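>>> dropping a prediction and its sequence here:
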Amino acid sequence: MNAHVYLAYDYPLLGAFWTVLWIVLWVAWFCLLFRVIADIFRDDTLSGWAKAGWLILTILLPFLGVFVYVLARGRSMGARERRHLQAQQEAFDAYVREAAGSTGRRSEADELMKLSEIRARGDISDEEFRRAKEKILH
């Protein structure tokens with residue numbers, strides 16, 4: 001009865017596998033926890049008391065709090081994340097348009113000079129010149 005019983009954990013490779021698996025699960029858990037906390041702060045439909053209640057629940061009882069939050073409000077989490085990402089993209093696009101427009105945009109004087117050159121060549125009439133000039137100046 002002195003036979004050794006080898007368990008799966010007695011093998012070094014399997015032990016390393018279990019260690020890596022636990023580390024990955026803990027990292028995923030913390031990512032989910034921080035995502036839930038960020039969603040609590042991001043949600044504009046929750047009142048201050050509701051936010052405080054969800055935060056207390058997720059901090060004091062993290063596993064239960066996150067589980068209940070994902071069950072109760074998980075579907076709207078995705079919608080809020082999409083709106084947040086769309087707002088970030090729109091802000092970035094507006095910034096790029098503003099930055100590109102300020103350096104690549106021609107001044108009114110440049111536009112008027114080009115327009116007068118076109119009129120001097122005879123490519124447009126005086127009436128067309130007057131309308132284009134008003135468009136540039138207004």
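Cool, the structure landed.
>>> which strands and helices sit next to whichever strand or helix holds Ala100?
Element membership of Ala100, judged by DSSP states H and E, is helix 62-104. Identification of packing neighbours for helix 62-104 by 3 or more C-beta pairs under 8 Å, 6 or more residues apart in numbering; DSSP states H and E yields helix 12-42, helix 48-60. From N, CA and C alone the C-beta is placed, and that goes for glycine too.
>>> the helix or strand following it - contacts with which helices or strands?
Downstream of helix 62-104, the first helix or strand assigned by DSSP H and E is helix 108-121. Judged by 3+ C-beta pairs under 8 Å, 6+ apart, the packing partners of helix 108-121 are helix 126-137.
>>> now the angle from the helix it packs on to helix 108-121?
Between helix 126-137 and helix 108-121, the angle formed by their directions is 170 degrees, by axes from the mean of the first three to the mean of the last three C-alpha atoms, to 10 degrees.
>>> distance of the most centrally placed residue in the chain from Ile59?
Centroid-nearest residue in the chain, with C-alpha atoms, centre = their mean: Leu85, separated by 3.1 Å. Here Leu85 is placed at a distance of 26 Å from Ile59 (C-beta to C-beta, to the nearest Å).
>>> swap in Val36?
For Val36, the distance to Ile59 - C-beta to C-beta - is 11 Å.
>>> neighbour count: the two, which is higher?
Under the criterion of other C-beta atoms under 10 Å, the comparison of Val36 against Ile59 puts Val36 first, with 21 against 11.
>>> quick one: that one and Leu71 touch, right?
No. Assessed by C-beta atoms under 8 Å, Val36 is found out of contact with Leu71, at 11.4 Å.
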